[in-house]
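K.L.:
Mind looking at a prediction? Sequence and model below.
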Amino acid sequence: DAGVIQSPRHEVTEMGQEVTLRCKPISGHDYLFWYRQTMMRGLELLIYFNNNVPIDDSGMPEDRFSAKMPNASFSTLKIQPSEPRDSAVYFCASSLLDEQFFGPGTRLTVL
Amino acid sequence: LAKTTQPISMDSYEGQEVNITCSHNNIATNDYITWYQQFPSQGPRFIIQGYKTKVTNEVASLFIPADRKSSTLSLPRVSLSDTAVYYCLVGSNDYKLSFGAGTTVTVRA
């Protein structure tokens, strides 16, 4: 298995633009997680899905952030409009049991 | 979620054993203790998980005393490639993991 796949690996955009991050979980995993990592706040859980259904989105910072999982093999995290303070590394992870498998992350820079 | 406390950083040398202790005084009955490792520019990677006593795998050992208010991750004979951030997490099977600041372990030649 290729592991969790995220795209793009790097994204540079300007303030106000829409950003869409993509994730393909490991086949067969029924949980999917989105995290954000910054030096100031560390690794934060934003939202997670079970069987494509959002279970807990209490970590989503504000309405500018939205996440979808239209099927078992694909999820998106969208930021609209983006702001400089959204600059971070965004990780997607998937799991079947207790162990979470993380993707390589998307480094987002908002200018 | 139980709060965890672990040292900010630790230094070691190749071939030595590294022990990282994590405090989790308000651990709940159903909580497991899990450790993840993160290398620069990579996502965290699961190392080991335990509930009580001792757990050992090919990478590390996890020691949990009877009161479960702390745990110690033991990395035997570390190498330069073990330089990473190590996170201690405590939680039950609701899948909400809370990553703290972690412990930055630096292994020197």
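P.N.:
The structure has been received and is ready for your questions.
K.L.:
okay, CA-based contacts and neighbour counts for the rest of this
P.N.:
OK.
K.L.:
partner residues bridging the residue nearest the centre of chain A?
P.N.:
Chain A has A:Trp34 as the residue nearest its centroid, 3.6 Å off, counting by CA atoms, centre = their mean. The residues listed as beta-bridge partners of A:Trp34 by DSSP bridges are A:Ile47, A:Cys92.
K.L.:
just B:Ile48 next, same as before
P.N.:
B:Trp35.
K.L.:
quick one on the thing from earlier: for the residue nearest to the centre of chain A, what are its contacts?
P.N.:
Going by CA atoms under 8 Å, 6 or more residues apart in numbering or on different chains, A:Trp34 touches A:45-48, A:77, A:90-93.
K.L.:
A:Phe102 now?
P.N.:
A:4, A:91-94, B:43-45.
K.L.:
Could you report the pLDDT at B:Asn30?
P.N.:
At B:Asn30, the predicted lDDT confidence score is 87.
K.L.:
Measure how far stretch A:31-46 is from the centre of its chain, please.
P.N.:
8 Å (CA atoms, centre = their mean, to the nearest Å).
K.L.:
buried set for that stretch?
P.N.:
The neighbour-count check on stretch A:31-46 (16 or more other CA atoms under 10 Å in any protein chain shown) flags A:31-37, A:43-46 as buried.
K.L.:
Check the separation of the first and last residues in it.
P.N.:
14 Å (CA to CA, to the nearest Å).
K.L.:
For the chain, just list every one of the strands.
P.N.:
No chain in the question, so chain A it is. For chain A, applying DSSP state E gives strands covering A:5-7, A:10-13, A:19-24, A:31-38, A:42-50, A:53-56, A:65-71, A:74-79, A:88-95, A:100-102, A:106-110.
K.L.:
try again with chain B
P.N.:
B:9-13, B:18-23, B:32-38, B:45-50, B:53-56, B:61-64, B:70-75, B:84-91, B:103-108.
K.L.:
Would you mind listing where chain A has pLDDT under the threshold?
P.N.:
Along chain A, the model assigns pLDDT under 70 to residues A:1.
K.L.:
Residues of it that sit close to chain B?
P.N.:
A:42-45, A:91, A:98-105 (CA under 8 Å from any CA of the partner chain).
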